[in-house]
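Engineer: Next input, structure requested:
(2 chains)
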Amino acid sequence: MTDRHSAPRPRRALLPLASVLLISAALIVPDQALSGLVRLDDPGGPAAGELRALIRSLPERPLLLVGFDPDLGTYAEIRPAVRAMLDDLFRHEARIGIVSFSPEGRALAVAEIDRLRRAGFEDDRLVDLGYRSGAEAGLIQTIELVVPDAERGLVANGIRIAGGGLDAFDMVLLVGGTDFGPRAWVEQILPRLPDLRLAAIAPTVLGPELAPYRRTRQLIALVATLRDNAAYVEMVRGGPAPPPDTSGGDRPADAAAMLVGLLVTLGILGETLLRRAAWRQPGPRS
Amino acid sequence: MRRSLALNLLLVVGCLLLVDLLLVNTWIGAFAEMVREWIVLLAAAAAVAGVIALAARHLADLRAGRGDRIGSVVLLLGMSGMLVAGLRPGAAGTTDPAVQWLTGALLVPLAASVVALVFVFLLSAIRRSARAGGRETAVMLGATAAVVILMLPIGGRPGEVLADAARWTLAVPIGAVFRGLLIGVAVVGAVSALRVLLASDADD
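Structural biologist: Reported below is the predicted structural model:
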């Protein structure tokens, strides 16, 4: 039987090379040029619409907390949706505090805060609440006090006037990652503050874990698949009055390239299944 | 039965945090808050100790000429670079532009690349296990192929059907399995905590 490992080296390299070339070619072709043949977003999915409607239903100049704990590996997937959400919040005149409970989340939060400040969002709209160590223990401490003593500015003072803890906020928006995610908030905070409203954006890998919390309304909105992420970005950026775009051209994954990559994967899986059937055939093996 | 000091401490702290969750009492609340403060400090100290231990281990490996020497050098250089960028005189810590550049231009793309490689290694692992045979491998192959098909980003009516099917799969079968897992994990966690609190696992 001819085996992949016994094939000549140039032949073995052919498939990966062809795959890379195909995906690269698909990256060059803009999705619009394929006129409806490829589509990443999910127009019928309710998740993106729920998050959008939730942000639209906020009171005037709402006070919001963003629990920013994505991880370095999966942030690339949710970054466009997170940036669209932040832009959408600022269009609604929201006052935002950003806090992190994981070191990776903090590193990414610093970059996002810097991006927002460069886009013109100053201390009257945005406050950096920093990094809290101790994971769940640090999270529980924020129930009483979330603003560092040294922090000044209108938003920081607004949080202090409203009590200084988590119940000062109209809503908490969570950006989840594999180290520290919305699950910790649901498990640790909701039993102590049952009226706190939580919504989340998370990578696809966390979707199955968080979907039950969405069904029980412990998370009042959840955007946690690539399709929902793309639909949310499309909804925010493509609406009748889109917010100022501070994303620097950041868009969800290229649909055509993703389609080619997935088709290649299907091809490999199919070939493996066929080979497996051949290996299981009775008879002498070479 | 003799209990260790650590176990006694665990028992007291566990009971205290549990009572604090169930009862509203100023004194218990203040004491629980103090314990949480200790936990936060301990976690921070453990993180620093972990970094020091990692650096010491790789320095020792380099000195002894064992292990992956190139990997150790890269790790130590990376750690030094980040520490110098954030702690040099006049630096602003995590908000320093040099730290932000290192994070945005190096750390994030590198970590995303490692996660992307998981896909390649997973495919390779699937091929190897298919060679080994077994019904579980066939089930895994079938499930993987089904998920890949559901994820295909195609437009028009077929795309809508796939998106609906993906949504249903996540909400019903996968959601049911994960809901069961979450309940199971919670029950096992509670039972394990109870066993530790009651010191029935003292030998562990």
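
Engineer: ok, B:L42 to A:A256 distance?
Structural biologist: The spacing between B:L42 and A:A256, counted by CB to CB, to the nearest Å, is 50 Å. (C-beta placed from N, C-alpha, C; glycine too.)

Engineer: Likewise for A:F90?
Structural biologist: 32 Å.

Engineer: close to chain A, is the longest helix along chain B?
Structural biologist: When chain B is parsed with DSSP state H, its longest helix is helix B:26-64. Yes: interface with chain A: helix B:26-64 contributes B:E33, B:R36, B:E37, B:I39, B:V40, B:L41, B:L42, B:A43, B:A44, B:A47 (CB under 8 Å from any CB of the partner chain).

Engineer: From those, list just the buried residues.
Structural biologist: B:R36, B:I39, B:V40, B:A43 (16 or more other CB atoms under 10 Å in any protein chain shown).

Engineer: follow-up on the earlier one: switch the residues of helix B:26-64 next to chain A over to TSV; also include pLDDT and distance to B:D96.
Structural biologist: Formatted as TSV, these follow (pLDDT from 0 to 100; distance: CB to CB, whole Å):
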residue	pLDDT	distance to B:D96
B:E33	87	33
B:R36	87	30
B:E37	88	28
B:I39	87	29
B:V40	87	24
B:L41	90	25
B:L42	89	27
B:A43	87	24
B:A44	88	20
B:A47	89	19
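
Engineer: Turn these into CSV, columns for distance to A:V99.
Structural biologist: Below are these laid out as CSV (distance: CB to CB, whole Å):
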residue, distance to A:V99
B:E33, 18
B:R36, 16
B:E37, 17
B:I39, 18
B:V40, 14
B:L41, 18
B:L42, 20
B:A43, 16
B:A44, 16
B:A47, 18
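
Engineer: Of those, which pair is most distant in space?
Structural biologist: Pairwise distances across the residues of helix B:26-64 next to chain A (CB to CB) peak at 21.4 Å, for the pair B:E33 and B:A47.

Engineer: So for stretch A:125-145, what gets flagged as buried?
Structural biologist: A:125-142.

Engineer: From the residues you listed, which land in strands?
Structural biologist: Per DSSP state E, strands hold the following members of the buried residues of stretch A:125-145: A:L126, A:V127, A:D128, A:L129, A:G130, A:Y131.

Engineer: which ones among these come in contact with chain B?
Structural biologist: Among those, chain B is touched by A:D128, A:Y131 when using CB under 8 Å from any CB.

Engineer: wait, which of the ones in strands among the buried residues of stretch A:125-145 is closest to B:D164?
Structural biologist: Of these, the one sitting nearest to B:D164 (CB to CB) turns out to be A:L126, at 38.8 Å.

Engineer: Distance check, the closest one against A:H92.
Structural biologist: 14 Å.

Engineer: how about the residues of the stretch 1-150 of chain A near chain B?
Structural biologist: A:34, A:36-40, A:42-45, A:71-76, A:103, A:106-108, A:110-111, A:113-114, A:128, A:131-135, A:137-138, A:140-141, A:144.

Engineer: In helices only, show me those.
Structural biologist: A:75-76, A:103, A:106-108, A:110-111, A:113-114, A:137-138, A:140-141.

Engineer: next one: phi and psi at A:D124?
Structural biologist: phi -80, psi -10 (degrees, to the nearest 10).

Engineer: and the gap between it and chain B?
Structural biologist: 19 Å (CB to the nearest CB, to the nearest Å).

Engineer: OK, contacts around A:G130?
Structural biologist: A:V99, A:S100, A:R106, A:P148, A:E151 (CB atoms under 8 Å, 6 or more residues apart in numbering or on different chains).

Engineer: Quickly check those for the two that are furthest apart.
Structural biologist: A:R106 and A:E151 (15.2 Å).

Engineer: Tell me who's in contact with B:A98.
Structural biologist: Counting by CB under 8 Å, 6+ apart, B:A98 has contacts B:A85, B:G86, B:A91.

Engineer: just these now: which is nearest chain A?
Structural biologist: B:G86 (10.4 Å; CB to the nearest CB).

Engineer: how deep is the closest residue in space to the closest one that isn't next to it in sequence tucked in, by neighbour count?
Structural biologist: Take B:G86 and drop its neighbours on the chain: the residue closest to it by CB to CB, 6 or more residues apart in numbering or on different chains is B:V99, 4.7 Å away. Residues contacting B:V99 under the criterion other CB atoms under 10 Å in any protein chain shown number 24.

Engineer: tell me which element B:V99 is part of?
Structural biologist: B:V99 belongs to helix B:97-101 when elements are defined using DSSP states H and E.

Engineer: what is the mean pLDDT for that helix?
Structural biologist: For helix B:97-101, mean pLDDT rounds to 86.

Engineer: Quick check: next helix or strand after that helix?
Structural biologist: Immediately after helix B:97-101, counting by DSSP H and E, sits helix B:108-132.

Engineer: Name the residues that touch stretch B:131-145?
Structural biologist: Against stretch B:131-145 from outside (CB under 8 Å, 6+ apart): A:L266, A:L269, A:G270, A:T272, A:L273, A:R275, A:R276, A:W279, A:R280, B:I126, B:S129, B:A130.
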